[in-house]
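**Student:** Need coordinates for the following:
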Amino acid sequence: RGALAGGGAEVEDRPGDRARSALPLGAQGDRCGEVLALVMLHLGHTDATLTSDERRIWLRITVRLELRDGAPYRITGLTQDVTEEREAGERIEQFAHFDALTGLPNRFLFRQRADEAIAAARRDGKPLALLFLDLDRFKFVNDTQGHEAGDRLLQEVAGRLRACVRASDTVGRLGGDEFL
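**Tutor:** Reported below is the predicted structural model:
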């Protein structure tokens, strides 16, 4: 149990990580717009919060103004923990845009960033450089030392390339032994 936006409203724990709460307006009925705006500011637009043990959780919060006899009566809300859903979305985003082995942007994300960099260079009249790197005899490493050694080599190359460029630059892996 807890309070909603410091208004003394009780929050009930419900199955499915949902909590329903009510903020009575009482004498604040004439300021319902302010109260609703305050609740939305603190709850409706802020969906990440930290728990007492400093874990980040994501909340989906729905707030509604209830009327009684045409006048504002109270604000009710429903809170749902959507941390697992949000983290799954982040993992999908990671898989869609980054190489699983090296952590570098994949072909798709690299192309997006390259298009943006080309447009910026044209707009600003500045030069732009692109380096294509293909590892010679990489197949030989895989065939003689095994795929684990080949993977370690790709990870080492990725780390060294990242260390050679500015934070604002992009290093990507096209696949196999090809880097940009």
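
**Student:** name the helices or strands packed onto the helix or strand that E116 is a member of?
**Tutor:** Assigned by DSSP states H and E, E116 belongs to helix 107-124. Other helices and strands packing on helix 107-124, by 3 or more Cβ pairs under 8 Å, 6 or more residues apart in numbering; DSSP states H and E, are helix 83-97, strand 173-175. C-betas here are computed from N, CA, C, even on glycine.

**Student:** Can I get these in a markdown table including distance to K126 and mean neighbour count?
**Tutor:** Formatted as a markdown table, the helices and strands packed on helix 107-124 follow (distance: least, Cβ to Cβ, whole Å; neighbours: other Cβ atoms under 10 Å):
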| stretch | distance to K126 | mean neighbour count |
| --- | --- | --- |
| helix 83-97 | 26 | 12 |
| strand 173-175 | 25 | 17 |
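
**Student:** Compare those and say which comes out lowest on pLDDT.
**Tutor:** Per-stretch mean pLDDT for the helices and strands packed on helix 107-124 is lowest at helix 83-97 (a mean of 88).

**Student:** so can I have CSV of the helices and strands packed on helix 107-124 showing distance to L135?
**Tutor:** CSV is the format used below for those (distance: least, Cβ to Cβ, whole Å):
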stretch, distance to L135
helix 83-97, 23
strand 173-175, 11
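
**Student:** Provide the count of other residues in contact range of the closest residue to G172 other than its chain neighbours.
**Tutor:** In space, and not counting its chain neighbours, G172 is closest to F110: 3.2 Å by Cβ to Cβ, 6 or more residues apart in numbering. Residue neighbour count, defined by other Cβ atoms under 10 Å, stands at 20 for F110.

**Student:** Does F110 touch L174 like I think?
**Tutor:** Yes: counting by Cβ atoms under 8 Å, F110 does reach L174; the two are 7.4 Å apart.

**Student:** still on that earlier bit, can you name the residues that contact the residue nearest to G172?
**Tutor:** 170, 172, 174, 180 (Cβ atoms under 8 Å, 6 or more residues apart in numbering).

**Student:** among those residues, which two are most distant?
**Tutor:** Across the contacts of F110, no pair lies farther apart than T170 and L174, at 12.4 Å, counting by Cβ to Cβ.

**Student:** shared neighbours, these two?
**Tutor:** By Cβ under 8 Å, 6+ apart, the residues touching both T170 and L174 are 110, 180.
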